[in-house]
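**Q** curious how this folds, go ahead:
(2 chains)
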Amino acid sequence: MKPLFVTGSSPALRLTVALLLSLTLIFVDSRYRHLDFVRSTLSVAFYPIHYLAALPPRLARAVDGRLASEADLRERNSLLERENLELKSLMQTHQALQAENRRLRDLLGSSFKLRDRVMVAELLEVDLDPYRQQVLVDKGASSGIFVGQPVLDANAVMGQVIRTSPLTATVLLITDAAHSLPVQVNRNGLRTVASGSGLINRLTLLHLAKNADVRVGDLLVTSGLGGVFPPGYPVARITEVRDDPGSHFASVIAQPTARLDRSHEVLLVWTLPALSRAGELDERPLDAAPPAGMDTSR
Amino acid sequence: MTASERRGTALILASFGLGLLLTLLPLPHWAAEYRPQWVTLVLIFWVLSVPRRVGVFAAFAAGLVLDVVTGTVLGQHALTLSVVGFLAVELRQRILPFPAWQQALSVWVLLLVERLLSLWILGATGQPTPSLDYWVPTVIGMLLWPWLLASLESLRERFGPA
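**A** Here you go, the predicted structure:
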């Protein structure tokens, strides 16, 4: 027999409890890291949903691969062969240069920088919150992925790992509004900070003096100063330098060179201890949050 | 718990699962911003039809799951959906007597409330303010309401909780 009147606590009381709980969650989750455990446990439980949602595009690509015409395949094959040839010829000089570099470094007595170890991971093609620049990859803590790990695609830096669960990892892209990374202009070594804008194709360079030597088309590479990203990887190209009379600094806009919204595969990088401080810097992603004084632009 | 109640629970869970799936399903980049608030719509439907089973706490749980799978700040959707659940419980008697297309207007208001609260939380946690397109999904959700109502209602009559 069902009760005639609704029993139990009133909706208003329940709402109060729910509000208090969720406000606490929001506060703790946005300030501290105590809830990462809860999130990673729950996200393992809901992995099937992510997997299911990513299935249609994966199937579509598989079917597309089966249905490719012979002419297409031939064309692709010849394109790849040509690219391979070019890369091989580059590689020849590269090896000679590397040997020379090692000799010179030996002469100088400085330690030789080992090559970074990488792992290829595939993106789980699911749409996360459209107002944060995050992607999900199909490798997690069980493959040795750690929080703060740099993520690259074939062309450039994409972002860094901010959360791991045993099976997946969440990557914060360099264009997220909460992300900043130290870069330098490749042409002249000028150091600055590239801060995300929340738009997928836009980075802003902070605190560049109005007479700073930057031009449209300059390549920005990681400077390695934050201790998270290894130095020397391309990040973005400057697309706009504007002198805004109202502000103290030049406003400089850059476009990421990584294909942030189109890559299917990403590279996860382990920087080997050439960065001698790597061990102690693993713990906190310095780049993830700009220092307190840098928030003025937003 | 009788067999029909158990089947009802299964239907409720399945519909929320479908809502989550539709939320995550990859869309072309230009369309991603216009994705309707599926989970909110499903929640409103169940609160309106079986408030005894799906209420504020169920809304809170659904929101928490949504936060985990979409990577938002933990508690963001939990808060917004709890409020929507509460409003739906309170306004139930004033929404239900009307035909579907008039209900859609009330549902639109609920969807707007959800969006507005989300906006506040985005602002409070230091996210950038989104463009005006941010409000488009509420309109799409409103237009979807009569169809959603008809399909979920027919499912409920066949399998669902009384």
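**Q** ranges for the helices of chain B?
**A** Ranges of helices in chain B, per DSSP state H, are B:3-24, B:38-49, B:56-70, B:76-95, B:100-124, B:136-159.
**Q** dump those helices into TSV; add mean neighbour count and distance to chain A as well.
**A** C-betas here are computed from N, CA, C, even on glycine. Formatted as TSV, those follow (neighbours: other C-beta atoms under 10 Å in any protein chain shown; distance: least, C-beta to the nearest C-beta, whole Å):
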stretch	mean neighbour count	distance to chain A
helix B:3-24	17	4
helix B:38-49	25	10
helix B:56-70	24	4
helix B:76-95	23	4
helix B:100-124	18	6
helix B:136-159	16	10
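**Q** could you dump those helices to CSV with mean pLDDT?
**A** Formatted as CSV, the helices of chain B follow (pLDDT from 0 to 100):
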stretch, mean pLDDT
helix B:3-24, 87
helix B:38-49, 94
helix B:56-70, 92
helix B:76-95, 93
helix B:100-124, 92
helix B:136-159, 91
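**Q** which SS state does residue A:171 fall under?
**A** Three-state assignment for residue A:171 (DSSP: H, G, I helix; E, B strand; the rest coil): strand.
**Q** tell me, what's the model's pLDDT at it?
**A** On pLDDT, residue A:171 comes in at 91.
**Q** how close does the most centrally placed residue in chain B sit to residue B:87?
**A** Residue closest to the mean C-alpha point of chain B, counted by C-alpha atoms, centre = their mean, is residue B:40 at 1.1 Å. To residue B:87, residue B:40 is 11 Å away according to C-beta to C-beta, to the nearest Å.
**Q** please apply the same query to residue B:153.
**A** Distance from residue B:153 to residue B:87, by C-beta to C-beta: 21 Å.
**Q** pick out the residue in the stretch 1-150 of chain A sitting closest to chain B.
**A** Nearest to chain B in the stretch 1-150 of chain A, going by C-beta to the nearest C-beta, is residue A:25, at a distance of 3.0 Å.
**Q** so where's chain A uncertain?
**A** A:1-8, A:107-116, A:272-298 (pLDDT under 70).
**Q** cutoff 80 now
**A** Within chain A, the ranges that satisfy pLDDT under 80 run A:1-9, A:65, A:68, A:101-117, A:125-131, A:154-155, A:261-263, A:271-298.
**Q** what's the longest helix in it?
**A** For chain A, the helix reaching the highest residue count under DSSP H is reported as helix A:70-108.
**Q** which elements pack onto that one?
**A** Judged by 3 or more C-beta pairs under 8 Å, 6 or more residues apart in numbering or on different chains; DSSP states H and E, helix A:70-108 is in contact with no other helix or strand.
**Q** say whether chain B is contacted by the helix or strand that comes right after that helix.
**A** Using DSSP states H and E, the next helix or strand after helix A:70-108 towards the C-terminus is strand A:117-124. No: on the criterion C-beta under 8 Å from any C-beta of the partner chain, strand A:117-124 is out of touch with chain B, staying 9.3 Å away.
**Q** quick one: strands adjacent to strand A:117-124?
**A** With DSSP bridges as the test, strand A:117-124 is paired with strand A:134-137 (antiparallel), strand A:265-270 (antiparallel).
**Q** now render those strands as TSV, adding distance to residue B:111 and mean neighbour count.
**A** Shown next, in TSV, are these (distance: least, C-beta to C-beta, whole Å; neighbours: other C-beta atoms under 10 Å in any protein chain shown):
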stretch	distance to residue B:111	mean neighbour count
strand A:134-137	24	22
strand A:265-270	35	18
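**Q** in TSV, list these along with distance to residue A:34.
**A** TSV is the format used below for these (distance: least, C-beta to C-beta, whole Å):
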stretch	distance to residue A:34
strand A:134-137	20
strand A:265-270	25
